[in-house]
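Asks: Sequence first, predicted coordinates after that:
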There are 2 protein chains.
Amino acid sequence: MITPVLLCGGSGTRLWPLSRQSYPKQFARIIGGESLFQASARRFTGAGFANPVIITGDDFRFIVTEQLDACGISPACIMIEPEGRNTAPAALAAALFVAAHDPKALILLVPSDHSVADAELFRDAVTHGIVAAAKGQIVTFGITPTRPETGYGWLEAGAETHPGVFRLERFIEKPDRAQAETLFRDTRHLWNAGVFLARAATLIDAFRTHAPEIFHAVEPCLDGAHPDLRFTRIASEPWAKVPENSIDYAVMEKARNVSVVRFSGHWSDLGGWETVWQESPRDEAGNAQTGKATALNCENTLLRSESGEVELVGIGLKNVVAVAMRDAVMVADLSETQSVRQAVQTLRERGAAQAAQLPVDHRPWGWFETLVLEERFQVKRIHVTPGAALSLQSHMHRSEHWIIVAGTARVTVDGAEKLLTENQSVYIPVGAVHRIENPGKVPVVLIEVQTGAYLGEDDIVRHEDLYARQA
Amino acid sequence: MITPVLLCGGSGTRLWPLSRQSYPKQFARIIGGESLFQASARRFTGAGFANPVIITGDDFRFIVTEQLDACGISPACIMIEPEGRNTAPAALAAALFVAAHDPKALILLVPSDHSVADAELFRDAVTHGIVAAAKGQIVTFGITPTRPETGYGWLEAGAETHPGVFRLERFIEKPDRAQAETLFRDTRHLWNAGVFLARAATLIDAFRTHAPEIFHAVEPCLDGAHPDLRFTRIASEPWAKVPENSIDYAVMEKARNVSVVRFSGHWSDLGGWETVWQESPRDEAGNAQTGKATALNCENTLLRSESGEVELVGIGLKNVVAVAMRDAVMVADLSETQSVRQAVQTLRERGAAQAAQLPVDHRPWGWFETLVLEERFQVKRIHVTPGAALSLQSHMHRSEHWIIVAGTARVTVDGAEKLLTENQSVYIPVGAVHRIENPGKVPVVLIEVQTGAYLGEDDIVRHEDLYARQA
């Protein structure tokens, strides 16, 4: 049995505006109907795979549970990193967690933001690595390259040590153009997919030997880990002292017991909009459209409308990507999509909420979306999943009107409880202690109209919360 | 005294998505803080000018009153064409209306969707034409060309007949490139701005002589015209028989008594997004931005965010226009902006509301905007101007919750009347006869939450209406 460990604490901005700090790439639907995280989790299910261990950040924990629930995958554990420290500490924490139950257990470390077209082919490659991993090797997976890519790290494979398993000669940093051409001509060279298979104890030993400062910093964090609802929280105080590093730098480039299995299927890191364009189904003129998007006289474009409410039209464009959302639109030349990060930085400096936040905010009980925000009023659409409940709360500065437009809700205001269904409303004056629950079988949708002098999310006193939130 | 006649019945789609069938170009804010219609009306106010006559379509009448009220201009008359018939019938209708009071009155026919940088300079040109017009000439205005433009008609000026007034030798149709170059080299040639100054009787005589079929068709329409609130409705039955034609073709190209005054100030017809880009203030790299728009490594772009809620970012673009609204985004190569019409046609065929409608709907009492429309509920933001009232109405299929978020409203439900202010709400069950009025001094803003099986605007029974609407 292999325990998949999904690393999903990352928060890049290269796929802005679809991916944002509050809802990073791995959780977005980029290709196909599932998020990259969901597809990654699903890729390593079935015969031979145990329930996955997930490592993510505090801000993303309810996105993780929502997305796992939606695709019916039960995690063995959802570990919460108090802060992101790159991949090395996260990988070690997961290895220590698994080793506590069984040090000989095989774990498969995988990024959760890559795209693999043929999951079965990838599982086959993983299966090839098992014998070597069982014998104490750290098995990495090398993608057969299809172009002299300068955006990835590369691997150099050596002699075959087991059927389909090769000694790893060296890691190669992102090459320049000339070097990439050279690497591409020699079939020993593969792209580094950042996927590793090893016994938990093998990985832990590698950290102890090659990255003792990380090993000694992370170990006490696990000892101090504590459960919180469906999550395991890594202790934050010792974690604050953990050095930041990637697993490649910290361990893999130094270890001698690294092998490589070749994967010849289609793989992409979806590292930017140009790559997404390459990975998207295109017509003869090279145009890819998703959602309500229309291309007229265009060539080599990616036109994505990410909202059912926005019509996106491209006319006479060449080599352009346009992504339209309700609150943000990004239009870029395909060759300049790596500058998206810089653009997001500019927005952040201007204080634009769009730099980091999506209009939809995910919570343990469902999600909400701001429809209008003006100085003295705000209108939200709130979606409460069956069985969920918002905290028992009160506000100092705002009154709220709730109108139920779908489902049946149990509403408590200052101790009085009643059931409200479609087309019924309730008024919550300033200071009233209130809660809404969904005791039913279908989602509750309500429209909340807030009025008051201050409408910030932080005007909240939580008297009780199913999800143990303080504020 | 000159009576300005503003023609504003047109509804082009070349500036989609800013301009739509329901809210055409002349009413949009394209350059500066006023609409083109407002700027056109304001251009011909002050000493020497009487209150303007406006000719527009039924769908636009409340936009006209709202925009005139906003800039403090009182119209002499707002004439409603039952259907658009191009400029000739509209011009004749206005001339007949003015002539009914004073056949010798000077009228100045002007399109309301052009841009003129220096209004005073244009008024000076108009003043130059007065003596000739008073003597029975039709005076047109020729713009000193700044480039060999193929998108405009041209004029050829002959000998000077009065100071600054020249005999018009001929109208020249939109030339091809070579012909435009030739015209541009000869200073006798000017752009045709479509502006005409003449006595009402002179214009009517010209129609009687050169376009008798229009003259005989339009005359009975004016006899049958009737007042409706602040409007004068042209009789629709005879109007249905009026032939469609432009004033240039129908009259001007045939008349012998046409003169031309030269206008050397800056003028533009804003005939497409490329022209809007040319007319917009640009930085050294040729980039123009309006609203929440950011250009990064761009060259020769027009980036317009038309909503305070949408951040628009352009990266590495060259010669591109992007216009972002809450419900529609258009991105085009600057050289292909004339294909916008074709794109709108495609949207129309797909049944997209955005082809013709803005999310904001203007009504005689103010405006509303749909925030969410789902199968069984709809949320609207409704804005009622001081002194205005919605009709006394009822619905067969929907209930409504109204929450007042600004101002003070008088609400009537089944005969019971009450005043509601910020943070108060009222429920209107299916079938209840209800009305909302704004008796106050500041706008009323309310959030309306509708629930029901059918939410169409046509589920309305109007029991009484200040604005004489039937449905």
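Replies: Good, I have the coordinates.
Asks: how's chain A carved up into domains?
Replies: A:2-268, A:273-349, A:360-464 (automatic domain parsing).
Asks: Let me know which of the ones you listed is the nearest to residue B:261.
Replies: domain A:273-349 (38.3 Å; Cβ to Cβ). For the C-beta atoms, the positions are set from N, CA and C on the backbone; glycine is no exception.
Asks: Check whether that closest one comes near chain B.
Replies: Yes. Applying Cβ under 8 Å from any Cβ of the partner chain, one finds domain A:273-349 in contact with chain B at A:292, A:294, A:296-297, A:303, A:305, A:309-318, A:320, A:322, A:324, A:326-333, A:335-337, A:339-340, A:342-343, A:346-347.
Asks: For ChimeraX, what selects the buried ones among the residues you listed?
Replies: Restricted to buried positions by 16 or more other Cβ atoms under 10 Å in any protein chain shown, the ChimeraX selection for the residues of domain A:273-349 next to chain B reads:
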select /A:292,294,296,297,303,305,309,310,311,312,313,314,315,316,317,320,322,324,326,327,328,329,330,331,332,333,336,337,339,340,343,347
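Asks: quick revisit: show me which of the domains of chain A has the highest average neighbour count.
Replies: Highest mean neighbour count of the domains of chain A: domain A:273-349, a mean of 21 (counted as mean count of other Cβ atoms under 10 Å in any protein chain shown).
Asks: Now the terminal residues of that domain, how far apart.
Replies: Distance between the two ends of domain A:273-349: 23 Å, counting by Cα to Cα, to the nearest Å.
Asks: Let me know the average pLDDT across that domain.
Replies: For domain A:273-349, mean pLDDT rounds to 96.
Asks: Show me how far it is from its chain's centre.
Replies: 21 Å (Cα atoms, centre = their mean, to the nearest Å).
Asks: Tell me which residue of the stretch 101-250 of chain A lies closest to chain B.
Replies: residue A:151 (17.0 Å; Cβ to the nearest Cβ).
Asks: For the residue nearest to residue A:368 when sequence neighbours are not counted, which three-state class applies?
Replies: Spatial nearest neighbour of residue A:368, excluding adjacent residues (Cβ to Cβ, 6 or more residues apart in numbering or on different chains): residue A:382 at 4.5 Å. Using DSSP: H, G, I helix; E, B strand; the rest coil, the structure places residue A:382 in strand.
Asks: Ranking helices and strands of chain A by mean pLDDT, which lands last?
Replies: Each helix and strand of chain A was given a mean pLDDT (mean pLDDT, DSSP states H and E); the minimum falls on strand A:360-363 at a mean of 86.
Asks: Okay, angle between the helix or strand just after it and strand B:366-373 too, please.
Replies: Sequence-wise, the next helix or strand downstream of strand A:360-363 (DSSP states H and E) is strand A:366-373. Relative orientation of strand A:366-373 versus strand B:366-373 (axes from the mean of the first three to the mean of the last three Cα atoms, to 10 degrees): 170 degrees.
Asks: Just the CA atoms of strand A:366-373, as PDB, please.
Replies: Only the C-alpha atoms of strand A:366-373 are listed here, as PDB (Å, rounded to 0.1, in the frame of the first residue of the first chain):
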ATOM      1  CA  GLY A 366     -20.300  26.700   2.600                       C
ATOM      2  CA  TRP A 367     -19.500  30.000   0.800                       C
ATOM      3  CA  PHE A 368     -20.700  33.600   0.300                       C
ATOM      4  CA  GLU A 369     -20.300  36.200  -2.400                       C
ATOM      5  CA  THR A 370     -20.600  39.900  -2.100                       C
ATOM      6  CA  LEU A 371     -23.100  41.200  -4.700                       C
ATOM      7  CA  VAL A 372     -22.800  44.900  -3.800                       C
ATOM      8  CA  LEU A 373     -20.700  46.700  -1.300                       C
END
